[in-house]
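Engineer: A predicted structure for the sequence below; I have some questions about it.
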Amino acid sequence: METDNFKEIPISERDKAYYNAPLLVQQNGKLDPRCYLAIDRLKKGPADYKSILGSGKPYTDPDFKADQSSIMWKDLVSPDDLSELGSLLNTNWKRVPDLAVNKSKPLKLFGDEGVTLNDIAQGGLGDCWLLAGLVTEANTPERVRSMFVNKQDAYPKEGLIGMNVRVMNKPYVVTIDDYLPVRQGTGRLAMARGSSDGDFWVPLAEKVFAKIFGTYASMNGGASEEVWRMINGAPSQIVKPKTYYAKAQELFKTF
């Protein structure tokens, strides 16, 4: 596929094997146009969060809009995925403060109890691989806190969230606004949800990854080692005990 804005670029077998996410590669070895969109977003850089945070002025992300284009590109999903995820197109978008159960309480990014393993709940998207990676990080709450440029527990009035990630092993800050997709009729979050203590860091982290990958639907299936690689910047691999039993035994000794 070639247009004035998207030119196909060959990608090496090594890159396909090691960096299979967020670069979405078609079978012909060319980059998916959603990859170009992700690259353009990263090259553009984050919003000027240092000046926006504390300004009191609501922030709206011009690069990941609160509409169907951020949910999926229907012409680039398989019929099976469209059948599975099509209902997600029936969504509205609300800011986090409008989603709070108890609006009389001050909002906190990490909730009243801070980061816990109970914060992660999957929604209507098949991104258990992403949420499993976040669960692993939540075992050490400071790791989760360090992911965000929002260092305070108090929720930012501006609705701007920034996260530190690594893509292609390069560090980036990715910023989003806090509009989240909710199901029409129920008003419940359509994607990942937090726990009952009022935290929102999980659905907001999910949105950051959706922006990197191009759309929410682009994350319907994946591998948790990519999450660890993108958050921690450390190499990761899958160990198959039946094939590498001795290696797995040695690995488990380190825990």
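Structural biologist: Looks like it came in fine.

Engineer: what residues are up against the residue nearest in space to the middle of the chain?
Structural biologist: Nearest to the mean C-alpha position of the chain, counting by CA atoms, centre = their mean, stands residue 209 at 2.1 Å. Listed by CB atoms under 8 Å, 6 or more residues apart in numbering, the contact partners of residue 209 are 127, 130, 219, 227, 230. Quick note: C-beta positions are derived from backbone N, CA and C, even for glycine.

Engineer: JSON lines for those residues, including neighbour count, secondary structure and pLDDT?
Structural biologist: Formatted as JSON lines, the contacts of residue 209 follow (neighbours: other CB atoms under 10 Å; DSSP: H, G, I helix; E, B strand; the rest coil; pLDDT from 0 to 100):
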{"residue": "127", "neighbour count": "26", "secondary structure": "coil", "pLDDT": "94"}
{"residue": "130", "neighbour count": "27", "secondary structure": "helix", "pLDDT": "95"}
{"residue": "219", "neighbour count": "21", "secondary structure": "helix", "pLDDT": "90"}
{"residue": "227", "neighbour count": "25", "secondary structure": "helix", "pLDDT": "89"}
{"residue": "230", "neighbour count": "24", "secondary structure": "helix", "pLDDT": "91"}
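
Engineer: In JSON lines: those, plus distance to residue 146.
Structural biologist: Shown next, in JSON lines, are these (distance: CB to CB, whole Å):
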{"residue": "127", "distance to residue 146": "22"}
{"residue": "130", "distance to residue 146": "18"}
{"residue": "219", "distance to residue 146": "22"}
{"residue": "227", "distance to residue 146": "15"}
{"residue": "230", "distance to residue 146": "14"}
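
Engineer: so is residue 42 in a helix, a strand, or just coil?
Structural biologist: helix (DSSP: H, G, I helix; E, B strand; the rest coil).

Engineer: One more: residue 176?
Structural biologist: Classified using three-state DSSP, residue 176 is strand.

Engineer: Surely it and residue 206 touch.
Structural biologist: No: in this structure residue 176 lies outside contact range of residue 206 using CB atoms under 8 Å: 10.1 Å.

Engineer: of the contacts of residue 209, closest to residue 189?
Structural biologist: Using CB to CB, residue 127 comes nearest to residue 189 of the contacts of residue 209, at 13.3 Å.
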